[in-house]
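Asks: Here is my input, please return the structure:
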Amino acid sequence: MKHPHLVGLIADTHDHRPAIQKAVALLNDRGVGLVLHAGDFVAPFTAKDIGKLDSAFVGVFGNNDGECAGLRKAFREIGEIYAGVHTFLYEGKKFVLMHEPSCIEALAHSGDFDVIVYGHTHEADVREGPTLVVNPGEVCGWVSGRCTAAILDLDGMKVEVVDL
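Replies: Alright, predicted model coming up:
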């Protein structure tokens, strides 16, 4: 059963298909209504695994996503991948989805957004406050040695970082 108030957060998958498969299984098991990918898919073939999500999907390109046209084509039936910073409304919450953590403090202090999701650093980061700031860490585990995803419960604005 899908839960629209649960949002799956992933970033920095970097072609690690077994870890991506674990993340997809986790997010499907939890019944998230939406999955956000904060960039660095790397290759279009990651769509084979991410396409098995049972939820809506939105992503942004990261600094290692050189084949943007190929990624967009591979993901056309799964969900949209945006360039740069993407802002949107979901379940009454204002989101910012981005890869690199530039301007996060200014965005958080603006009071214009409820949730900021970013990637790039490969380290899980959860900052609670009037604006929730989240980096789900890296799905791939290449840099930190820790493969993680996160689940955001919009009802309580709480984040659970899960080791895959």
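Asks: Now do the helices in the chain.
Replies: 17-30, 47-50, 68-75, 104-110 (DSSP state H).
Asks: quick one: which of these is nearest residue 122?
Replies: helix 17-30 (12.5 Å; CB to CB). Bear in mind the C-beta positions are built from the backbone N, C-alpha and C, glycine included.
Asks: other SSEs contacting that closest one?
Replies: strand 3-10, helix 47-50, strand 148-153 (3 or more CB pairs under 8 Å, 6 or more residues apart in numbering; DSSP states H and E).
Asks: so can I have a markdown table of the ones you listed showing mean neighbour count, distance to residue 123 and mean pLDDT?
Replies: Below are the helices and strands packed on helix 17-30 laid out as a markdown table (neighbours: other CB atoms under 10 Å; distance: least, CB to CB, whole Å; pLDDT from 0 to 100):
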| stretch | mean neighbour count | distance to residue 123 | mean pLDDT |
| --- | --- | --- | --- |
| strand 3-10 | 23 | 14 | 97 |
| helix 47-50 | 19 | 22 | 98 |
| strand 148-153 | 23 | 9 | 98 |
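Asks: Run through the bridge partners of the nearest residue in space to residue 23 that is not next to it in sequence.
Replies: Once flanking residues are discounted, residue 23 sits nearest to residue 149: 4.5 Å by CB to CB, 6 or more residues apart in numbering. When bridges are assigned using DSSP bridges, the partners listed for residue 149 are residue 162.
Asks: If you tally nearby residues, what's the number for the residue nearest to residue 100 when sequence neighbours are not counted?
Replies: Distance criterion CB to CB, 6+ apart; nearest residue to residue 100, sequence neighbours excluded, is residue 120 at 4.8 Å. Using other CB atoms under 10 Å, residue 120 has 20 other residues around it.
Asks: residues in contact with residue 120?
Replies: Residues in contact with residue 120, defined by CB atoms under 8 Å, 6 or more residues apart in numbering, are 11-12, 38-40, 62-63, 99-101, 135.
Asks: who's the most centrally placed residue in the chain bridged to?
Replies: Nearest to the geometric centre of the chain sits residue 37, at 2.8 Å (CA atoms, centre = their mean). On the basis of DSSP bridges, residue 37 is bridged to residue 10, residue 59.
Asks: Then residue 115?
Replies: The partner residues for residue 115, given DSSP bridges, come to residue 95, residue 132.
Asks: any idea how far it lies from residue 15?
Replies: 27 Å (CB to CB, to the nearest Å).
Asks: Which one's more surrounded, these two?
Replies: Neighbours were counted for residue 115 and for residue 15 using other CB under 10 Å; residue 115 has more, 22 against 15.
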